[in-house]
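1. Can you look at this prediction? I've put the sequence above it.
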Amino acid sequence: KDETIRGASDHFRWIHSFEKQVQEAERRIENINWLNPLKLKENRLTKDRAEQEISKAKTEIKFHDEKLNYHREKLGFSNEKEFNQVKTQHEAERPGLLEKNRNTRRYIRSERDVLQKAEIAHKNAFVRQVASLYPERPEMRHMSFKTALNIVDVNSKYGKGKAVPIESIEKTVNNRKSEIQRLQGEISRVDQTKGRLQRAERYLKDFEKHQAIVEKYENNPFLKGKMLVSKSAKREYDSAVTARDSYKNYMQKEGITGRADFEKQVESFGKMEAKVPEYQGQIQSQEKGLGLLDAVMKGIEQAGREMTREQQRKQQQQQSRGKGKGKSNQQTWEIGGR
């Protein structure tokens, strides 16, 4: 309400300011001496400027008056006199409203503290209740509320309400992750094989192209004889032999010996690639529910670390108390000796 009243006051202040500008501009127009012909041009200029100021000021007045509609609706006034009454009444009531507001805030803070303590107590009780299902796992008394909720969810889904052993959860998580890794490895092997065969096919085509040139010379007596007298023919043959041997070497590095071997491997790859959707389906099946089980194991691991830290803190406190008692006994003996 403070802000609304302050906003309305600002708009009224702007309206008064622009109304004053209108009055001053109108006064300048009234004071023009039109009887002096020497100042005719100057008077027209003065009049034009004044009229422009009046127009601009009236536009601003309209703008701020329209902005006041929000405040009129919010505060329930129709004119400035009623607004001033609202403002005066609010200023009189304000100290009491502030005190009421402070009391309300104190009450809210108090209630929030009570609720937060109750929530913490409820969560701790819930964690202890879930941990009691696993007396052989002392670290579970240190697990988070979220982990406890996850364990209840696991027991509901997989144990039919009974406690599923943590060892079984851990084994299931490890087995599923291993199987997912294996299946992903199979898919990766398919991708690698596809890339290898694509490279091998390019090398095979180039090998066959140059092998055809070599065979053309070696199987044709006329061309074989031509190589003895033609340098270009000899050069073409030698170049083909070199290229053929290079591409053959590239093929062998990709695991291909020739066209028949390539076709055989392509056929084998087709069967391999056809299993990819099956692998992907198996991965999805293994991942189903894995997030929940994995979250439980990570939560228990975190609880184990928290238990270790708690034990270390207690040991340090005991050591500190022991040192303090030692010093106290020493002082007593010294005082007694004196």
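-> Received it, and whenever you're ready, just let me know what you need.

2. Contacts for stretch 188-197 next, please.
-> Identification of contacts with stretch 188-197 by C-beta atoms under 8 Å, 6 or more residues apart in numbering yields 254, 255, 262, 265, 266, 269, 272, 273, 275, 276. Glycine gets a C-beta too; all of them are placed from N, C-alpha and C.

3. tell me the domain boundaries of this structure?
-> As assigned by automatic domain parsing, the chain contains the domains 2-76, 183-288.

4. Go ahead and flag the most central residue of this protein.
-> Nearest residue to the geometric centre of the chain (C-alpha atoms, centre = their mean): residue 291, 18.4 Å.

5. rewinding a little: let me have the domains of the chain in CSV, adding mean pLDDT, mean neighbour count and distance to residue 134 as columns.
-> Output for those, formatted as CSV (pLDDT from 0 to 100; neighbours: other C-beta atoms under 10 Å; distance: least, C-beta to C-beta, whole Å):
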stretch, mean pLDDT, mean neighbour count, distance to residue 134
domain 2-76, 93, 14, 56
domain 183-288, 94, 14, 25
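
6. got JSON lines for the ones you listed, with distance to residue 312 too?
-> Listed next are those as JSON lines, based on distance: least, C-beta to C-beta, whole Å:
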{"stretch": "domain 2-76", "distance to residue 312": "54"}
{"stretch": "domain 183-288", "distance to residue 312": "37"}
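
7. So for residue 99, which of these sits nearest?
-> domain 2-76 (14.8 Å; C-beta to C-beta).

8. And residue 3, how close does it get to residue 71?
-> Counting by C-beta to C-beta, to the nearest Å, the separation of residue 3 from residue 71 is 10 Å.

9. no wait, residue 37
-> Taken as C-beta to C-beta, the span from residue 37 to residue 71 is 51 Å.

10. Quick one: distance of stretch 303-312 to the chain centre.
-> Taking C-alpha atoms, centre = their mean, to the nearest Å, one finds stretch 303-312 lying 31 Å from the centre of the chain it belongs to.

11. buried ones in it?
-> The neighbour-count check on stretch 303-312 (16 or more other C-beta atoms under 10 Å) flags 303, 304, 307 as buried.

12. want to throw those into a markdown table with distance to residue 45?
-> Shown next, in a markdown table, are the buried residues of stretch 303-312 (distance: C-beta to C-beta, whole Å):
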| residue | distance to residue 45 |
| --- | --- |
| 303 | 87 |
| 304 | 90 |
| 307 | 90 |
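
13. Among the residues you listed, which are located in helices?
-> Among these, the members found in helices (DSSP state H) are 303, 304, 307.

14. residues contacting the first one?
-> Think residue 303. Residue 303 touches 139, 140, 141, 142, 143, 144, 147, counting by C-beta under 8 Å, 6+ apart.

15. which residue packs closest to the third one, ignoring adjacent ones?
-> If the residues on either side of it in the chain are set aside, residue 141 comes closest to residue 131, at 4.6 Å by C-beta to C-beta, 6 or more residues apart in numbering.

16. Residue 32 now?
-> Spatially, and ignoring its direct neighbours in sequence, residue 32 is nearest to residue 43 (4.8 Å; C-beta to C-beta, 6+ apart).

17. Tell me who's in contact with the one you found.
-> Here residue 43 is in contact with 32, 33, 34, 36 (C-beta under 8 Å, 6+ apart).

18. Out of these, flag the one nearest to residue 83.
-> Set against residue 83, the nearest of those by C-beta to C-beta is residue 32 (37.1 Å).

19. So that closest one: helix, strand or coil?
-> Following DSSP: H, G, I helix; E, B strand; the rest coil, residue 32 is assigned to coil.

20. So it sits against residue 46, correct?
-> Yes: look at residue 32 against residue 46 with C-beta atoms under 8 Å: they come within range, at 6.1 Å.

21. Return the member of the contacts of stretch 188-197 nearest to residue 218.
-> Nearest to residue 218, judged by C-beta to C-beta, of the contacts of stretch 188-197 is residue 262 at 23.4 Å.

22. Secondary structure element holding that closest one?
-> helix 259-273 (DSSP states H and E).

23. likewise residue 118?
-> Per DSSP H and E: residue 118 is located in helix 80-131.

24. how far is that helix from where the chain is centred?
-> 34 Å.

25. and if you look at stretch 274-292?
-> 26 Å.

26. so what's residue 306 closest to, chain neighbours aside?
-> Distances taken as C-beta to C-beta, 6+ apart place residue 142 nearest to residue 306, at 4.2 Å, with adjacent residues excluded.

27. I'd guessed that neighbour sits against residue 311; true?
-> No: Residue 142 is beyond contact range of residue 311, at 10.1 Å (criterion: C-beta under 8 Å).

28. does residue 136 sit in a helix, a strand or a coil?
-> Assigned state for residue 136: coil (three-state reduction, three-state DSSP).

29. Just give me the neighbour total for it.
-> Residue 136 has 8 neighbouring residues, counting by other C-beta atoms under 10 Å.
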